[in-house]
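J.: Give me coordinates for this.
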Amino acid sequence: MLTLRTVCKPITRVYNKSNFCFKDRSIGKISPTEESQDELLNIQETSKLLNLSVSTIYSKVCRREIPVNKQGKRIYFYRHELMKWIKSGRIKTSLETQNDIEKSSEI
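T.: This next block holds a predicted model:
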């Protein structure tokens, strides 16, 4: 059955993707991969990306737990730095730990 919701959902996805591709090209020509790596996020966008409250983000900034860039009174976050920060907290599986122990004992 065709409803307004089923029609609007794909249109919204296309609009959001096109918006991402055409964000602020006035600074210079940047390839989509470079742009996504250098994408600058404000506190609200960071909150949505990390699924944390704005106050939690501010707390992490104050404790220097999260990579941040400050310009005047405003703070910004690079998407690629946040993704790298998230990945750095990865806990190894027991199999990976066992393999590391075996490798170090061979040396």
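
J.: Contact partners for Phe77?
T.: By Cβ atoms under 8 Å, 6 or more residues apart in numbering, the contact list for Phe77 reads 40-43, 45-46, 66-69. In short, each C-beta sits where N, CA and C put it, glycine included.

J.: List the strands paired with the helix or strand harbouring it, with their directions.
T.: Take DSSP states H and E as the rule and Phe77 turns out to sit in strand 74-78. In the sheet, strand 74-78 lines up against strand 40-41 (antiparallel), strand 69-71 (antiparallel) (DSSP bridges).

J.: Adding mean neighbour count and mean pLDDT, write those out as a markdown table.
T.: Formatted as a markdown table, those follow (neighbours: other Cβ atoms under 10 Å; pLDDT from 0 to 100):
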| stretch | mean neighbour count | mean pLDDT |
| --- | --- | --- |
| strand 40-41 | 16 | 95 |
| strand 69-71 | 9 | 91 |
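
J.: wait, doesn't Gln44 sit right on Ser53?
T.: No: the pair Gln44 and Ser53 fails to qualify as a contact (Cβ atoms under 8 Å) at a distance of 10.6 Å.

J.: Look at Leu4 and report its pLDDT.
T.: On the pLDDT scale, Leu4 is placed at 50.

J.: Could I get the buried residue list for stretch 59-75?
T.: Neighbour counts over stretch 59-75 (16 or more other Cβ atoms under 10 Å) mark 60-61, 66, 68, 75 as buried.

J.: what does stretch 82-90 give?
T.: Within stretch 82-90, the residues scored as buried using 16+ other Cβ under 10 Å are 82, 85.

J.: Give me the mean pLDDT for that stretch.
T.: Averaging pLDDT along stretch 82-90 gives 91.

J.: Put the alpha carbons of it into CSV.
T.: C-alpha atoms of stretch 82-90 as CSV (Å, rounded to 0.1, in the frame of the first residue of the first chain):
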residue,chain,number,x,y,z
LEU,A,82,36.0,11.0,16.8
MET,A,83,35.8,7.7,14.9
LYS,A,84,39.5,7.1,15.6
TRP,A,85,38.9,7.9,19.3
ILE,A,86,36.0,5.4,19.4
LYS,A,87,38.1,2.7,17.8
SER,A,88,40.9,3.3,20.2
GLY,A,89,38.7,2.0,23.0
ARG,A,90,38.2,-1.4,21.4
